[in-house]
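Novice: Structure for this input, please:
(2 chains)
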Amino acid sequence: MIRLEDVTKWYDGRAVLDHVSLHLEPGMLWGLIGPAASGKSVLLKVVCGLIRPDEGRVIVDQRDITKDKESDIMETRRKFGMLFQNNALFDFMTVGENVAFPIYWGSDIEPDRLRSLSVKRLQDVGLSGSEDKVPSELSGGMKKRVGIARATIADPKIVIYDEPTAGLDPVTTSKIYDLLRNLQQRNESTVLAVSSDVQAIRGFVEHIAVIHQGRILYNGPERELDSCADPVVHQFIRGDADGPL
Amino acid sequence: MVQQNTQNGWKPIEDEGFWRRIPRRIGVSTLDAGKAAATLLWVLYRTVIGTVRGKRPKGEVLRQMEQVGNKSLLFVTVTIGFLGMVLVFQVCLQIEKITGDMSQVGPEFIKGMVHAFVPSLTAMMLATRVGAGIAAEIGSMMVTEQIDALRMCGVDPIDYLVVPRFIASLVMTLVLSVYATAISILAGALMAYTSYHVNPVMFFVFDKVTPGDAVIGVTKCLAFGAAIPVVSGYCGLTTRGGSEGVGSATTRAVINSSLAVIILDFIISAAGYYLLQSRGL
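Specialist: The predicted model follows:
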């Protein structure tokens, strides 16, 4: 479904992604972990065509999006839903309008139907009655839930979660991952999740990759991550202060 | 110190020396300026295409017209009113020293206001008020990833954000300029009458305003009205970093929009003179 072949991205003379190759099957729950500024968010944005790589190919559903025009990439992006690191809720819209926006734009759905779909999805994420609030009235956890509702309202085939639990307490983190798991099982979507919270994401995904300085150091089953011999991976997943990091 | 990337990260390379650094910097600056100009032209092209056949949020153009037009009324009235009075006072002061004949003050003042001063001054005011607003709004959406979120929803940010502001600015710069012309003439007449006893009947003479003046004035309004949102939108869409980046984008929007107005003013005035006024139109 998604294939990255030798993808490289440069910023200010530095390779943020360095010959990254990946293959993701449909329905896969895939996680990406790594230290801060290792290229995690850039990799997610490259996958959905928000950032064009300088070298390599990104293939989504047999289509090479690196050669596509922006208008064609927009069509491909309809297969995606994305939760952004800082939620990226539109601050000039209400919560309900935010959630409904991916299905409102470019469609002729009646406003009443849009509202009911938005209310239903907000119920799914445990935010009943919040549709008329504005994002600034919400707590961090609530904003995450609204972001998740917006990312999944169109039932996309691929959902990307960039730091879905950043800044949340352990109880809310656990609830958010339960919610993501339920949504994934219901829609049978492919999920790409990025997190700095190693233990929480390991409990959520089946396959995991570790990225450091733009290079993938490990990509395989989550249960085999502990046996990875790379010292950087070893130090990162154990959280040791001493080591190459 | 110049740095070069290696497989293992960064390492400094030896200093190139002063004379070798200059051509490199000139080259880099030229390339950056070329890229910026190409991006600006692309934003202009996409905005024009979006205006003709793009999809816009419902009611957004009217909302932006209120932002650009209605909310600039007081600012424009006060500034243009006072400028009109100052201009007339200074002109009368000089004429009084030389000939003392005030009969041409009104007609020449009106002609100058219609084809030169009012469109430029109104646009300069809009460049500061509206341009800064556009760049700050789009820039803050850029740094909070809201622009990426729009793109993920299948929305072209130029269609959604720049095009409504472009249409609103195009219309309202013209409307505000017509309004500002009236205000400046009224304020000028009041100053001429109270300070130099110029009869309003002698002041309100529109005979000197030719069709060419009106064409130049309207062309300037449309050009300025188009330039401000495109330049400011470009500054907003190229914002990088956090709140500092938004501040920098806002400053760039005001400076570049004002520069665009001044340059376009010169080009249109020169073209207008050679094409219309020199032929008696």
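Novice: okay, the residue lying closest to B:Gly241 once chain neighbours are set aside: pLDDT?
Specialist: Nearest in space to B:Gly241, with sequence neighbours left out and distances taken as Cβ to Cβ, 6 or more residues apart in numbering or on different chains, is B:Val143 at 6.6 Å. The way it works is simple: take the backbone N, C-alpha and C, and place the C-beta from them, glycine included. pLDDT for B:Val143: 95.
Novice: likewise the one 4 residues further on?
Specialist: Taken from the predicted model, the pLDDT recorded for B:Ile147 is 96.
Novice: Compute the distance between it and B:Gly17, please.
Specialist: Separation of B:Ile147 from B:Gly17 (Cβ to Cβ, to the nearest Å) stands at 42 Å.
Novice: neighbour-wise, which of those two wins?
Specialist: B:Ile147 (23 against 8; other Cβ atoms under 10 Å in any protein chain shown).
Novice: Would you mind measuring from that one to B:Asp156?
Specialist: As judged by Cβ to Cβ, B:Ile147 and B:Asp156 stand 10 Å apart.
Novice: try A:Leu225
Specialist: Taken as Cβ to Cβ, the span from A:Leu225 to B:Asp156 is 40 Å.
Novice: Can you point out the buried residues in the longest helix that chain A contains?
Specialist: Longest helix of chain A, by residue count under DSSP state H: helix A:170-187. Across helix A:170-187, burial judged by 16 or more other Cβ atoms under 10 Å in any protein chain shown covers A:Thr172, A:Thr173, A:Lys175, A:Ile176, A:Tyr177, A:Leu179, A:Leu180, A:Leu183, A:Gln184, A:Asn187.
Novice: Now do the same contact list for B:Ile95.
Specialist: Remark: with contacts taken as Cβ atoms under 8 Å, 6 or more residues apart in numbering or on different chains, B:Ile95 is in contact with B:Asp101, B:Met102, B:Val105.
Novice: list the contacts for the last one?
Specialist: It stands for B:Val105. By Cβ under 8 Å, 6+ apart, the contact list for B:Val105 reads B:Val88, B:Val91, B:Cys92, B:Ile95, B:Ala192, B:Tyr196, B:Val198, B:Phe203.
Novice: for chain A, what are the nearby residues on the stretch 101-250 of chain B?
Specialist: Residues of the stretch 101-250 of chain B lying near chain A by Cβ under 8 Å from any Cβ of the partner chain: B:Thr144, B:Glu145, B:Gln146, B:Asp148, B:Ala149, B:Leu150, B:Arg151, B:Met152, B:Cys153, B:Gly154, B:Val155, B:Asp156.
Novice: For those, which single residue is the most surrounded?
Specialist: B:Met152 (28 neighbours).
Novice: wait, isn't that one in contact with A:Arg77?
Specialist: Yes. In terms of Cβ atoms under 8 Å, B:Met152 counts as a neighbour of A:Arg77; the distance is 5.8 Å.
Novice: overlap in contacts of those two?
Specialist: Common contacts of B:Met152 and A:Arg77 (Cβ under 8 Å, 6+ apart): A:Cys48.
Novice: can you map out the strands along the chain?
Specialist: Since no chain was named, I'll use chain A. Listed in chain order, the strands of chain A (DSSP state E) span residues A:2-11, A:14-24, A:29-33, A:55-60, A:63-64, A:80-83, A:158-162, A:190-194, A:207-212, A:215-221.
Novice: Let me rephrase: I mean chain B.
Specialist: Going by DSSP E, chain B shows strands at B:3-6, B:9-12.
Novice: Which of these has the lowest mean pLDDT?
Specialist: For the strands of chain B, where the average pLDDT is lowest is strand B:3-6, sitting at a mean of 47.
Novice: so where is chain B shaky, pLDDT-wise?
Specialist: Applying pLDDT under 70 to chain B flags residues B:1-16.
Novice: which residues does the residue in chain A that chain B sits nearest to contact?
Specialist: Of the residues in chain A, the one nearest chain B is A:Ala88, at a distance of 3.9 Å by Cβ to the nearest Cβ. Neighbouring residues of A:Ala88 by Cβ under 8 Å, 6+ apart: A:Gly147, B:Thr144, B:Glu145, B:Gln146, B:Asp148, B:Ala149.
Novice: between those, which is nearest A:Thr66?
Specialist: Distance to A:Thr66 across those (Cβ to Cβ) is lowest for B:Asp148, with 17.7 Å.
Novice: Quickly note the distance from the closest one to A:Phe80.
Specialist: 12 Å.
Novice: A:Val46 too?
Specialist: Counting by Cβ to Cβ - A:Val46 and A:Phe80 are separated by 12 Å.
Novice: so what's A:Val99 up against?
Specialist: A:Ser118, A:Arg121, A:Leu122, A:Glu131, A:Val146, A:Ala149, A:Arg150, A:Ile153.
Novice: most neighbours, which of the residues you listed?
Specialist: A:Arg150 (32 neighbours).
Novice: my read: that one touches A:Asn98, true?
Specialist: Yes. With contacts counted by Cβ under 8 Å, A:Arg150 reaches A:Asn98, the gap being 5.6 Å.
Novice: Next, show the common contact partners of the two.
Specialist: Joint contacts of A:Arg150 and A:Asn98 (Cβ under 8 Å, 6+ apart) are A:Leu89.
Novice: Roughly how far does B:Gly212 sit from chain A?
Specialist: Between B:Gly212 and chain A the computed distance is 43 Å (Cβ to the nearest Cβ, to the nearest Å).
Novice: what about residue 59, how many neighbours?
Specialist: Using chain A. When neighbours are defined as other Cβ under 10 Å, A:Ile59 has 15 of them.
Novice: um, chain B though
Specialist: Counted with other Cβ under 10 Å, residues neighbouring B:Gly59 total 9.
Novice: do the one 10 residues further on as well
Specialist: By the other Cβ under 10 Å criterion, the neighbourhood of B:Gly69 contains 21 residues.
Novice: and what of B:Thr250?
Specialist: Per other Cβ under 10 Å, the neighbour tally for B:Thr250 reads 23.
Novice: now A:Ser139
Specialist: Look at A:Ser139: counted by other Cβ under 10 Å, it has 10 neighbours.
Novice: excluding its backbone neighbours, what's nearest residue 101?
Specialist: I'll assume chain A. B:Cys153 is the one closest to A:Phe101 (Cβ to Cβ, 6+ apart), at 5.4 Å.
Novice: Chain B is the one I meant
Specialist: Nearest to B:Asp101 is B:Ile95, by Cβ to Cβ, 6+ apart, at 6.8 Å.
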